[in-house]
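this one's structure only:
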Ligand code: CP
């Protein structure tokens, strides 16, 4: 059966506003399943899902595994280190061997931009992009949208500023596509060395000073400085970065309104965000993590051909 999302979820750029809304609406009833003593519904019983992670992950890998188990699918976790990838096997050969074992879906995280699409074009199973290089991280973008929607309701006209290392960030790209499609106003703020050239062409405003971004925004999505992807010379030092661009309590105290604080994690406390902001009253960072499971349940369910109305019945069946 063809799904409302097509065969794969590779990014938010190819999705329509209606498809994004469908995923968020489908996630709503799935939230309740994680609050139950028995956190399981039979929706994907019999489905086998491979979580193929070629890069480290805490939140995304565990969140997908919880989502799969809560829908009664059978997950199998494969990492580069423990597999024949470490002996030189190609991505496609690995995936084709997994398909020969009759799997249904692959969730892939890979260091190369475009890896998820490359795989999706070569295997029959559904492919979900769990982060590919500096390209997209669609389920992170969706869980950010769900968290913002929980707080603000309709996101049309809401102002969200993505702060920090936009250059290396797949989260930034998925947020920009997703937020713009649902009608939010989007800005970016960071040192010019960490902003992609011609970023304005994506329809975002650019702030060079974090104080101006805070004055403008309803919400800040603060990005991790991806030090491991920096080949040198992007910033003078971490201390200097915090001094000029850090999201601090003093800076937020001068804002004309309460500013909601998001961060996709993992955080560099004391660099892009101070601890008293990350743990403060306007932070929804852990709500993002909780919402990640519901969003991933919705994506798995919809790609499997699920009827959104049945998500409600799945919840009812679990009562
Ligand atoms: N937000 C995010 O992708 O975190 P992980 O790298 O821990 O999965």
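Good, I have the coordinates. This is a predicted model, so every value here is computed, not measured.

need the helices for the stretch 51-200 of the chain, in chain order.
Defined through DSSP state H, counting those that start in this stretch, the helices belonging to the stretch 51-200 of the chain, from first to last, are 59-70, 91-100, 115-120, 138-152, 170-181.

That should have said the stretch 201-319 of the chain, apologies.
Taking DSSP H, counting those that start in this stretch as the criterion, the stretch 201-319 of the chain carries its helices at 210-216, 238-245, 249-253, 275-278, 285-303, 308-318.

Now for the residue in the stretch 151-300 of the chain that the ligand sits nearest to: which residues touch it?
Nearest to the ligand, among the residues of the stretch 151-300 of the chain, is residue 264, at 3.9 Å (Cβ to the nearest ligand atom). (Each C-beta comes from the backbone N, C-alpha and C, glycine too.) In this structure, residue 264 makes contact with 59, 137, 140, 144, 171, 221, 223, 224, 288, judged by Cβ atoms under 8 Å, 6 or more residues apart in numbering.

Over to residue 174?
With contacts defined as Cβ under 8 Å, 6+ apart, residue 174 is in contact with 11, 12, 136, 137, 138, 140, 141, 142.

cool, residue 61 as well?
Counting by Cβ under 8 Å, 6+ apart, the residues that residue 61 touches are 51, 53, 77, 109, 130.

What separation is there between the residue of the stretch 101-250 of the chain found nearest the ligand and residue 248?
Ranking the residues of the stretch 101-250 of the chain by distance to the ligand (Cβ to the nearest ligand atom) places residue 140 first, at 5.2 Å. For residue 140, the distance to residue 248 under the criterion Cβ to Cβ, to the nearest Å works out to 24 Å.

Show me which of the two is the more surrounded one.
Taking neighbours as other Cβ atoms under 10 Å, residue 140 and residue 248 compare with residue 140 leading, 28 against 17.

picking that back up, please convert the buried members of the contacts of residue 61 into ChimeraX selection syntax.
A single ChimeraX command selects the buried members of these (16 or more other Cβ atoms under 10 Å):
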select :51,53,109,130
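
Between its first and last residues, how far does stretch 39-55 reach?
Between the opening and closing residues of stretch 39-55 lies a distance of 28 Å (Cα to Cα, to the nearest Å).

Oops, could you answer that again for stretch 82-95 instead?
Start to finish, the residues bounding stretch 82-95 are 15 Å apart (Cα to Cα).

And it, what's buried?
Of all the residues in stretch 82-95, those buried under the rule 16+ other Cβ under 10 Å are 85, 91, 94, 95.

mind listing what the most centrally placed residue in the chain touches?
When Cα atoms, centre = their mean is applied to the chain, the residue found nearest the centroid is residue 140 (0.8 Å). For residue 140, the contacting residues are 60, 131, 170, 171, 174, 175, 264, 292, taking Cβ under 8 Å, 6+ apart as the criterion.

which stretch of helix or strand covers the closest residue to residue 136 other than its chain neighbours?
Closest residue to residue 136 in three dimensions, ignoring its sequence neighbours and counting by Cβ to Cβ, 6 or more residues apart in numbering: residue 11, at 3.7 Å. Secondary-structure assignment from DSSP states H and E places residue 11 in no helical or strand segment.

Give me the neighbour count for residue 11.
Under the neighbour criterion other Cβ under 10 Å, residue 11 is assigned a count of 21.

Distance of it relative to residue 209?
Plainly put, residue 11 is 30 Å away from residue 209 if you go by Cβ to Cβ.

and if you look at residue 33?
From residue 33 across to residue 209, the span is 43 Å (Cβ to Cβ).

now swap in residue 249 and tell me
The gap separating residue 249 from residue 209 is 18 Å, by Cβ to Cβ.

re the thing from before, buried among the contacts of residue 264? Need that as a selection in PyMOL.
Here the buried members of these are turned into a PyMOL selection, burial being counted by 16+ other Cβ under 10 Å:
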select buried, resi 137+140+144+171+221+223+224+288
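
returning to what we had before: the more surrounded of residue 33 and residue 209?
The residue with more neighbours, out of residue 33 and residue 209 and counting by other Cβ under 10 Å, is residue 33; that gives 22 against 11.

got the residues of this protein near the ligand?
By the rule Cβ under 6 Å from any ligand atom, the part of the chain lying against the ligand is 57, 58, 59, 60, 131, 137, 140, 264, 265, 266.

again, only using 5 Å
When proximity is defined by Cβ under 5 Å from any ligand atom, the chain lies next to the ligand at 57, 58, 59, 60, 264, 265.

from those residues, which is closest to residue 299?
Distance ranking of the residues of the chain next to the ligand against residue 299, using Cβ to Cβ, places residue 60 first at 12.0 Å.
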